[in-house]
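Student: Need a 3D model of the sequence below.
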Amino acid sequence: MKRVLHPISALMALSALALGGCGEDDDEGGNQPPPPSRPEDTGAACETAAECYPDVIDGELRGEALCLDEVRDGYCTHECESDDDCCAAEGECEPGAPSQVCSPFQATGMMMCFLSCEDADLEDFPDYADANEFCQREASRDFICRSSGGGAANRRICVPGDCGVGADCAADGDCSGDLVCVTGFQGGYCTRIGCAADADCPADTRCVTHEGESYCLRTCAAESDCSFCRATGFFSTCSDAVTFAEGEPTTVCVPP
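Tutor: All right, here's what the predicted structure looks like:
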């Protein structure tokens, strides 16, 4: 069994180093964005499919309701054959809700309704910094915008991403693979501890050292990379104000 590690002083100091120039958040997360709005039932949290689409009359949904367990807290969607099947039933979607498309999902061989994050559909949501923030706010913190594949039928949709390093956690079991949960700061942080070089860290992470400890931190190009898979109020900050074990400095998601 893996241990839950608690290097509190070192990681708190690491966070303070990166965030020293920023104002403090209030109890509700300061200027952090609100949680996902989920204006329609596709994307709602669930444990079973029976909890999904409660406002749709039985038999009216165009496709079997599903609760995806690949997403933490579950994700309501339903099977479909074409885009016309999404938001087709009365009570399924609210007016002005983000556009949905019918898309394949992973290797299931099934077509399901997902939020579209194609450029044309994002034009109605100019307040979001990028497509990933749109997916996090309108679908789930665990979602990213990516290609559905399929060649000429390719779509850009909001789908679950690999949380990996940087995800929030309460215990090791909340982290993927061999990552451990460092609980010495708000929200926890999934990482690998004890790296000596970047090669010791998973892809898209860097080895950072501080006060005799070393940690793998997720690299980032935007703040949405650091709010990915983290609860509102516990977002990491995209910063280069840390000490890298090797190589040129870049920006990484520093825990709150």
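
Student: Let me see the ranges of the strands in the stretch 51-200 of the chain.
Tutor: 65-68, 75-78, 100-104, 111-115, 143-147, 156-160, 180-182, 189-191 (DSSP state E, counting those that start in this stretch).

Student: Would you format those as TSV with distance to residue 57, mean pLDDT and mean neighbour count included?
Tutor: All C-beta spots, glycine's among them, are computed from the backbone N, C-alpha and C. Output for those, formatted as TSV (distance: least, Cβ to Cβ, whole Å; pLDDT from 0 to 100; neighbours: other Cβ atoms under 10 Å):
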stretch	distance to residue 57	mean pLDDT	mean neighbour count
strand 65-68	13	92	19
strand 75-78	14	90	26
strand 100-104	19	89	23
strand 111-115	18	90	26
strand 143-147	28	91	20
strand 156-160	27	89	24
strand 180-182	43	95	22
strand 189-191	42	96	28
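
Student: Turn the ones you listed into TSV, columns for distance to residue 242.
Tutor: Shown next, in TSV, are these (distance: least, Cβ to Cβ, whole Å):
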stretch	distance to residue 242
strand 65-68	35
strand 75-78	33
strand 100-104	38
strand 111-115	34
strand 143-147	24
strand 156-160	28
strand 180-182	15
strand 189-191	13
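
Student: Angles on the backbone of the residue most central in space within the chain, please.
Tutor: Taking Cα atoms, centre = their mean, the centroid of the chain lies closest to residue 142, which sits 2.7 Å from it. Main-chain dihedrals, residue 142, degrees, to the nearest 10: phi -90, psi 10.

Student: Tell me which residues touch it, please.
Tutor: 71-72, 160-161, 163, 228-229 (Cβ atoms under 8 Å, 6 or more residues apart in numbering).

Student: Could you do residue 192 as well?
Tutor: Contacts of residue 192 by Cβ under 8 Å, 6+ apart are 165, 178-180, 200-202, 205, 215-216.
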